[in-house]
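1. Prediction below, plus the sequence it came from.
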Amino acid sequence: MRKILSCLLCLIAGTAMAQKTFTLASPDGKVQSQIQVGTTLTYDIQVDGRQVLAPSALSMTLNGGTEWGVAPRLAGSKTGTIKQQVASPLTRQATMEDHCNTLTLNFRGGYAVEFRAYDNGVAYRFVSSQKKPFEVEREGVEYRLTGDCECTVPYVKRFDAAKPEGQFFNSFENIYTTAPISRLDGRRYCFLPLVVDAGEGVKLCLTETHLENYPGLYLQAAGHALRGLHAPYPKEVKQGGHNNLQMLVQSREPYIARVEGPRSFPWRIAMISRKDTELAGNNLSYLLAAPSRLDDIAWVKPGKVAWDWWNDWNISGVPFKAGINNATYKYYIDFASQRGIEYVILDEGWAVNKKADLFQVVPEIDLKELVDYGLQKHVGIILWAGYWAFERDMERVCKHYSEMGVKGFKVDFMDRDDQVMTDFYYRAADMAARYRLMLDFHGAFKPAGLNRTYPNVVNFEGVNGLEQLKWSPDTLDQPRYDCQIPFIRQAAGPMDYTQGAMLNASRGNYRPCNSEPMSQGTRCHQLGLYMILESPFSMLCDSPTHYMELGGPCTDFIAQVPTVWDETIVLQGEIGKFIVTARRSGQTWYVGGITNWEARDVELPLSFLGSGEYTIESFLDGANAHRKGNDYAYSKSRLANRTMKIHMAPGGGFALRFTR
């Protein structure tokens, strides 16, 4: 018995001696992470001395049984500091500060784990130095919460308990569910980003970036933890899905990724805020992404886009039958040219349906004629493309349409983020860049850093945007969702929400309508979204007829508002309630505000303007906007006071322009 006790004591002592703890602090010292190397590799997060993420394990299991992060054998460590200004063109600000402290742990077995601590977040990633190919069977990702924390999560929309893996086929569009973690449905996958309320005002926004050639992360609730999973690697795919434009996974391999040589893996990010506005201004997804691979981006020209699909090509007062034909698109081009709108998109329908062939154009469309007509009018043409139609003949498509004068593609219906699909995004971005084409990804997952690495990728969907109001019942609460996405989805990067509706329904007046769709909330709510949302490629979703007949000064404002910015300040806001954002382009400031279905009064200090004289243009909810969503009040005057008091109607908003 003494011998057994002696052995146990030696084992315990040996384990205690083997465990090593590293403390990594943010530059201001207020955010800390304790990384423990013992029988497992774990890290936690502490904010202002309080633990907000309990010790959480990280690991990676390779084929052959190798487990990184399990019984890890430390070979060395290195600390450092990064402090630099990162150029961030085509985003919400001209430059971003990248300031963090770093810790790299090198382990025997050919891998390392890198950690970074920022004043507003903690991130880590695995790095492999192995030269021989291998497969990743699974990656262990967990976020152990400190209690029954409230979470705001987007579930994958379609769920079949009998086929849980079917959730890996999804469009990354859904509203948010907010509940204590104990009440989340652990069977359902949550896609990123999502938010955890860690108490005492602290929130964590969980996401990932530099998602290159590796499957995207989903999280599932399990007790008081969120645990990660990834789509297994596709083994067999079959053409099908929407109009035969998708590749549907028929079977999967017993691993999630193939690795051909040394590489880094995606960053796992926990953004940190003490007030919600800090989440809406967090830049970590961009800063941790791979730098731009394009030497020249002068040809990348973001701007506004007159869009056809949402308004169902529904124009009136013309001598021709509106639809997918040259006469209709010339009308759109004329409208865009007159208003200084940079692009017109030809959405689904210009190519022959169900052929997945972008060289089969419907007889009603003469693309060369339209492109040339647009160039004469200083309006570029963007073409919609289904995923498989673009993927199957990518270089030929890019070369042909670039030579024709097309400016870019809106690629749609990927609806997956397994390794094969994430690799497609980077290949598509690279190929498009070779032919100086911009890309807007729809049916897409979150940006995850791609917009930094390939700035010609100017927008992403991955949002339950305005298109949903063509068919959704009145139980959908879009104004609340609008007041959530700037703090959650937008933390991952820009999004093609497609705002700009001119038919605006106050509460109780909304109904779904395909041919003449409407928004929930007021006209000024729609205007405010042009400043609230980050969208370098920003749609005007409504028809030219509505903009000309109903828009008035609203149309001029939308046409003139910039889509990329020199400076952004999130002034006020609470997740799901309201937000006010100021953005500067040159010496002109724009301010947008929106609220949920609660009427709200905000007091807006204008100290961000600095000194100088300004003219102010204001679009405010009208006196009757609570019952007629189109009601608004427009004014233009010299700015007299440096504090404004603004009332927002239920589902309302406002838009301001300050010109020096």
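-> Happy to help now that I have it.

2. Just give the closest residue to Leu370, not the sequence neighbours.
-> Leaving aside its sequence neighbours, Leu370 sits nearest to Tyr329 (C-beta to C-beta, 6 or more residues apart in numbering; 5.4 Å). Glycine gets a C-beta too; all of them are placed from N, C-alpha and C.

3. so how far is Gly186 from that neighbour?
-> 49 Å (C-beta to C-beta, to the nearest Å).

4. before we move on, what about Leu90?
-> On the measure of C-beta to C-beta, Leu90 and Gly186 end up 40 Å apart.

5. Neighbour count for those two, which is higher?
-> Comparing Leu90 with Gly186 by other C-beta atoms under 10 Å, the one with more neighbours is Leu90, at 22 against 12.

6. That one reaches Val457, doesn't it?
-> No - if you go by C-beta atoms under 8 Å, Leu90 and Val457 don't touch, sitting 9.8 Å apart.

7. Spit out the residues that contact these two alike.
-> Asn451 (C-beta atoms under 8 Å, 6 or more residues apart in numbering).

8. From Val195, how far off is Met271?
-> According to C-beta to C-beta, Met271 and Val195 sit 9 Å apart.

9. Can you pull the residues that touch both of these two?
-> Taking C-beta under 8 Å, 6+ apart as the criterion, Met271 and Val195 both touch 204-206, 279.

10. Go through those residues and flag which are in helices.
-> Among those, DSSP state H puts Leu279 in helices.

11. Compare the shared contacts of Met271 and Val195 and tell me which is most surrounded.
-> Ranking the shared contacts of Met271 and Val195 using other C-beta under 10 Å puts Cys205 first, with 29 neighbours.

12. Please, which helix or strand holds the spatially closest residue to that residue that is not a sequence neighbour?
-> Excluding the flanking residues, the one nearest Cys205 by C-beta to C-beta, 6+ apart is Met271, at 4.0 Å. Following DSSP states H and E, one finds Met271 within strand 267-273.

13. quick one: contacts of that strand?
-> Contact with strand 267-273 is made by 31, 45, 47, 52-53, 58, 120-125, 141, 143, 202-210, 217, 278-279, 282, 284-285, 288, 491, as judged by C-beta under 8 Å, 6+ apart.

14. returning to what we had before: can you report how many residues neighbour the residue nearest to Leu370?
-> For Tyr329, the neighbour count with other C-beta under 10 Å is 27.

15. ok so, going back, reformat the shared contacts of Met271 and Val195 as TSV; add pLDDT and distance to Asp334.
-> Formatted as TSV, the shared contacts of Met271 and Val195 follow (pLDDT from 0 to 100; distance: C-beta to C-beta, whole Å):
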residue	pLDDT	distance to Asp334
Leu204	98	49
Cys205	98	43
Leu206	98	46
Leu279	98	42
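
16. right, and the pair among the shared contacts of Met271 and Val195 with maximum separation?
-> Using C-beta to C-beta, the shared contacts of Met271 and Val195 reach their maximum pairwise distance at Leu206 and Leu279, which is 11.2 Å.

17. that older thread, average pLDDT for the strand holding Met271?
-> Averaging pLDDT along strand 267-273 gives 98.

18. Only alpha carbons, please: show it as PDB.
-> The C-alpha trace of strand 267-273 is given here as PDB (Å, rounded to 0.1, in the frame of the first residue of the first chain):
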ATOM      1  CA  TRP A 267      -7.800  32.600 -35.900                       C
ATOM      2  CA  ARG A 268     -10.300  31.900 -33.200                       C
ATOM      3  CA  ILE A 269     -11.400  35.400 -32.000                       C
ATOM      4  CA  ALA A 270     -13.200  36.500 -28.800                       C
ATOM      5  CA  MET A 271     -13.900  40.200 -29.200                       C
ATOM      6  CA  ILE A 272     -14.500  42.000 -25.900                       C
ATOM      7  CA  SER A 273     -16.600  45.000 -25.100                       C
END
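
19. That one pairs with which strands?
-> As defined by DSSP bridges, the strand partners of strand 267-273 come to strand 121-128 (antiparallel), strand 202-209 (antiparallel).

20. how far out from the middle of the chain is stretch 31-40?
-> Here the centre of stretch 31-40 is set off from its chain's centre by 30 Å, with C-alpha atoms, centre = their mean, to the nearest Å.

21. Buried ones in it, by neighbour count?
-> By neighbour count with 16 or more other C-beta atoms under 10 Å, stretch 31-40 contains the buried residues 31-33, 35-37, 40.

22. what pLDDT, on average, does that stretch get?
-> Averaging pLDDT along stretch 31-40 yields 98.

23. what sits up against it?
-> Here stretch 31-40 makes contact (C-beta under 8 Å, 6+ apart) with 15, 18-26, 41-47, 55, 57, 59, 69-72, 74, 103, 105, 115, 117-122, 272.

24. run the last query once more with 7 Å
-> Contacts to stretch 31-40, defined as C-beta atoms under 7 Å, 6 or more residues apart in numbering, come from residues 15, 18-25, 42-47, 55, 57, 69-72, 74, 103, 105, 115, 117, 119, 122, 272.
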